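> just a sequence and a predicted model for now, questions to come.
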Number of protein chains: 2
Amino acid sequence: MTENIQTMPRLSLTAQSIPDDILGPILAEGTDPSFISFGGGLPCPEGLPVEAMRKACDEVLRSSAQRALQYSGPQGEIELREAVARYETEQRGTPTTPDEVLITSGSQQGLDLCARAFCDPGSRILVQRPTYIGALEAFNLSRPAYVELPEGPDGLEPEAIGEEARGARFAYILPTFSNPTGRTLGRAAREALAERARSLDFWILEDDPYGELWYRKAPPCTIRSLAPERTIRMSSFSKILAPGIRLGYITGPARVIRILTLIQSFAVLSTPAVNQLAAARVLSSGLMETHLPEVRAIYREHAEAMLSALEELMPRHPEIHWTHPEGGMFIWLHLPKQLDTFAMMQRAIEKKILYLPGQFFYALRPDVNCIRLAFVTVRKDLMREGVKRLSSLIRDELHL
Amino acid sequence: MTENIQTMPRLSLTAQSIPDDILGPILAEGTDPSFISFGGGLPCPEGLPVEAMRKACDEVLRSSAQRALQYSGPQGEIELREAVARYETEQRGTPTTPDEVLITSGSQQGLDLCARAFCDPGSRILVQRPTYIGALEAFNLSRPAYVELPEGPDGLEPEAIGEEARGARFAYILPTFSNPTGRTLGRAAREALAERARSLDFWILEDDPYGELWYRKAPPCTIRSLAPERTIRMSSFSKILAPGIRLGYITGPARVIRILTLIQSFAVLSTPAVNQLAAARVLSSGLMETHLPEVRAIYREHAEAMLSALEELMPRHPEIHWTHPEGGMFIWLHLPKQLDTFAMMQRAIEKKILYLPGQFFYALRPDVNCIRLAFVTVRKDLMREGVKRLSSLIRDELHL
């Protein structure tokens, strides 16, 4: 009714700087069942603990409805913060107390809160090449200046970090089964990064939503365990429980958590109490001990199917290679330099296949010849067909 | 473990500007059962539709678990946007389509999103005297400059709005059963405000979370229905369903909703799908037709008990008077000019009574002699005793 009168409130500099959403409409095509989509980074549907979540919600609304349906404190329900502290301490070797935990609306909100707490327009943030597109989008709301960290075979070369990093607000690091590359920093690289952070005086924002999704062995120790005095660590329940409950968390020194909690309280008051209490119940039920091994097996099988299809079907070419993740949801595919994987999307759509063009995962100077492949939502019996279509697309582009 | 090493990341200007939380620790005393607290603005526990929410969650997790537990689109689930559009159109006389609706994490997030979309540091925002403390806290994250609107008997004197308002980013208005005063703008005042907004070229941010909580008759038409081309309207499910699900919504021109949706997607991705689907189910079940009259009756009874206790027990004094709300949760109590209601808190605590000092509800030049009384969470049999303690406190302060 109001569209015919085209007034518009004046936009903030932040709102003015938001680019048009060019990926969304493309990815929306992937919902057509004739498509095979390696695009969206959703967790595997088979891995969602549906029955446990339903039971937990039901029990919470039977036994603690008044608490579950009322306002919650901004830092999060104590049961859930205790469960996180216990998990971080016992399972991840990272001593954590409940006052060092803030519950957030998924890790996405953690990224936004950290940028709001620590960045002014033009503040320097250190990022990997490539890095998570969603983090760049959250950080961009604070209009920072990016500085790219030196690349290494595992995603970062900490020893090469130089004076350009000194005094940056933080280094944003995806150490484990990274989005988009699937790469993992080894223990030595983590130690070297902690050392560089100390000597060049920058903080580390450790984003670790995929750490539990290992296929054969657990990842190295967390960065926070190596530099607890200057690391803010974030993780999520989206991958181990479900994204639809929108719960994540930040851990770090209590004085940092207090600042982030105040911003959280002004921005959204709190995350939903009912979701928090249900998640706490699932975590304390011991379900994770049986559920996580099942999820890991599903992810491993998908990864194996994907990697063997790539091995079998990709054209042999010295410039075509891909990462071999040991956990998580992503493979990073390198194509010959002359290919522009965003420009290729139109032909990909004709072949009924989708992926994410790599160029969206760079803060600066994007490489255009890479692709992120998300493989856990593709049905195993369609995986080979999907890779076949992708391979045929690449052959066409290279006139092979 | 990390407290002994006192490094701190450098704070943003926004984070540096956040004052210490002085109210939180005081209000926390109100959880002591010997206290009677008129402090927190929580909805009445008797009014929460516990059983309906439990059933709705259960049904959603039985019938649509894969959707409920996966990522949701940032604008919100279509069922819930349709329910909001239908409600706004049919019940509130404000024609609204689903693409004119954005689902948020309570209206608090709506306030934050609007400030981020439309305010730079120093941008002018027009506010009432007094106004909602939570809105000031959300807006403060964008460090705007406030301009106060002329006061009137119903909370605003629209005819007196002059050139100082021209080109402000928006006027933040609580038209109905306002927080903190309980006042309601009549239809003529709403029309005059719409006219001033047009002639002085400012937008209106209409915050209306209490509109359904009327005691005897529905409030006047919405401001958005009078100026749809320049009003962004916000409401919440916190008062009619439950705060613990953290759901609210923004309605406005679709092109404005698109901008807000992008910021929402970068800040938190989306609100929880499971909560949205459960709320949509409760709304479409027809429960509201029986539930809302019950809630209104509970609120009316509390208001009547509170008003008659004030009438009976407050000291007679020409400078002591209070508002008589026709809906909602709040009464605004004026005390003689020489009293500082924040300074009085210490004696209030000795008398085991809590309230919110009025000075926190002003953007500029706070009046210190007012009090916000929230009465719906006080048990009816304790209401008179609470007012007695308050009255005794005021008599002591005035040496009566």
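Done, it's in. In this text, all values refer to a predicted model and were calculated from it rather than measured experimentally.
> flag the shaky bits of the stretch 201-350 of chain A, pLDDT-wise.
Filtered on pLDDT under 70, the stretch 201-350 of chain A yields no residues whatsoever.
> and it, which residues reach chain B?
Taking C-beta under 8 Å from any C-beta of the partner chain as the contact definition, the stretch 201-350 of chain A meets chain B at A:203, A:228-230, A:232, A:238, A:242-246, A:252-256, A:259, A:262-263, A:265-275. Yep, even glycine has a C-beta here, placed from its N, CA and C like the rest.
> show me what contacts the closest residue to A:Arg389 other than its chain neighbours?
The shortest distance from A:Arg389 to any non-neighbouring residue, by C-beta to C-beta, 6 or more residues apart in numbering or on different chains, is to A:Ile353 (4.3 Å). Residues in contact with A:Ile353 (C-beta atoms under 8 Å, 6 or more residues apart in numbering or on different chains) are A:Phe35, A:Ile36, A:Ser37, A:Phe38, A:Gly386, A:Arg389, A:Leu390, A:Leu393.
> do that again at 10 Å, thanks
A:30, A:35-39, A:345, A:347, A:385-390, A:392-393 (C-beta atoms under 10 Å, 6 or more residues apart in numbering or on different chains).
> now, the most widely separated pair of those residues?
The widest separation within the contacts of A:Ile353, taken as C-beta to C-beta, falls between A:Met345 and A:Glu385 and amounts to 19.0 Å.
> of those two, who's got more company?
A:Met345 (21 against 16; other C-beta atoms under 10 Å in any protein chain shown).
> and that one, how far from B:Gly73?
21 Å (C-beta to C-beta, to the nearest Å).
> surely A:Ile232 forms part of a strand?
Yes. With DSSP: H, G, I helix; E, B strand; the rest coil as the criterion, A:Ile232 is located in a strand.
> right, and it touches A:Ala117 too?
Yes. At 9.2 Å, A:Ile232 counts as touching A:Ala117 under the criterion of C-beta atoms under 10 Å.
> can you count the residues close to A:Ala28?
Counted with other C-beta under 10 Å, A:Ala28 comes out at 12.
> what helix or strand does A:Phe177 sit in?
Counting by DSSP states H and E, A:Phe177 is held by no secondary-structure element, helix or strand.
> show me the contacts for A:Leu373.
A:38-39, A:180, A:182, A:306, A:310, A:322-323, A:329-333, A:355-356, A:386-387, A:390.
> do that again at 8 Å, thanks
So A:Leu373 contacts A:Phe38, A:Met306, A:Trp322, A:Phe330, A:Ile331, A:Trp332, A:Leu333, A:Tyr355 (C-beta under 8 Å, 6+ apart).
> ok, back up a step: what touches both of A:Ile232 and A:Ala117?
Residues touching both A:Ile232 and A:Ala117 by C-beta under 8 Å, 6+ apart: A:Val256, B:Pro9.
> quick one, what contacts the residue lying closest to A:Arg92 once chain neighbours are set aside?
Excluding the flanking residues, the one nearest A:Arg92 by C-beta to C-beta, 6+ apart is A:Thr222, at 5.4 Å. Each residue near A:Thr222 by C-beta under 8 Å, 6+ apart is listed here: A:Glu88, A:Arg92, A:Gly93, A:Thr94, A:Pro175, A:Glu206, A:Asp208, A:Gly211, A:Arg233.
> so A:Thr222 versus A:Ser72, what's the distance?
A:Thr222 is 27 Å from A:Ser72, by C-beta to C-beta.
> repeat that for A:Thr104.
A:Thr104 is 13 Å from A:Ser72, by C-beta to C-beta.
> what does A:Phe237 give?
Relative to A:Ser72, and taking C-beta to C-beta, A:Phe237 is found at 16 Å.
> so which of A:Thr104 and A:Ser72 has more stuff around it?
Taking neighbours as other C-beta under 10 Å, A:Thr104 and A:Ser72 compare with A:Thr104 leading, 27 against 23.
> buried stuff in the longest helix seen in chain A?
For chain A, the helix reaching the highest residue count under DSSP state H is reported as helix A:287-313. For helix A:287-313, the neighbour count (16 or more other C-beta atoms under 10 Å in any protein chain shown) marks A:287-288, A:291-292, A:295-296, A:298-300, A:302-303, A:305-307, A:309-310, A:313 as buried.
> for A:Ile103, pull up the helix or strand it's in.
Counting by DSSP H and E, A:Ile103 is found in strand A:101-104.
> can I get the CA coordinates of the helix or strand following that strand in CSV?
The first helix or strand that comes after strand A:101-104 along the chain, using DSSP H and E, is helix A:106-118. Extracted in CSV, the C-alpha atoms of helix A:106-118 (Å, rounded to 0.1, in the frame of the first residue of the first chain):
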residue,chain,number,x,y,z
GLY,A,106,24.5,-18.0,17.2
SER,A,107,28.2,-17.2,16.6
GLN,A,108,27.0,-14.6,14.1
GLN,A,109,26.0,-12.4,16.9
GLY,A,110,29.3,-13.0,18.6
LEU,A,111,31.1,-11.6,15.6
ASP,A,112,28.8,-8.5,15.6
LEU,A,113,29.2,-7.9,19.3
CYS,A,114,33.0,-8.1,19.1
ALA,A,115,33.1,-5.6,16.2
ARG,A,116,30.8,-3.2,18.1
ALA,A,117,32.9,-3.5,21.3
PHE,A,118,36.3,-3.2,19.7
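> what about helix A:106-118, near chain B?
Yes. Counting by C-beta under 8 Å from any C-beta, chain B is contacted by helix A:106-118 at A:Gly106, A:Gln108, A:Gln109, A:Asp112, A:Arg116, A:Ala117, A:Phe118.
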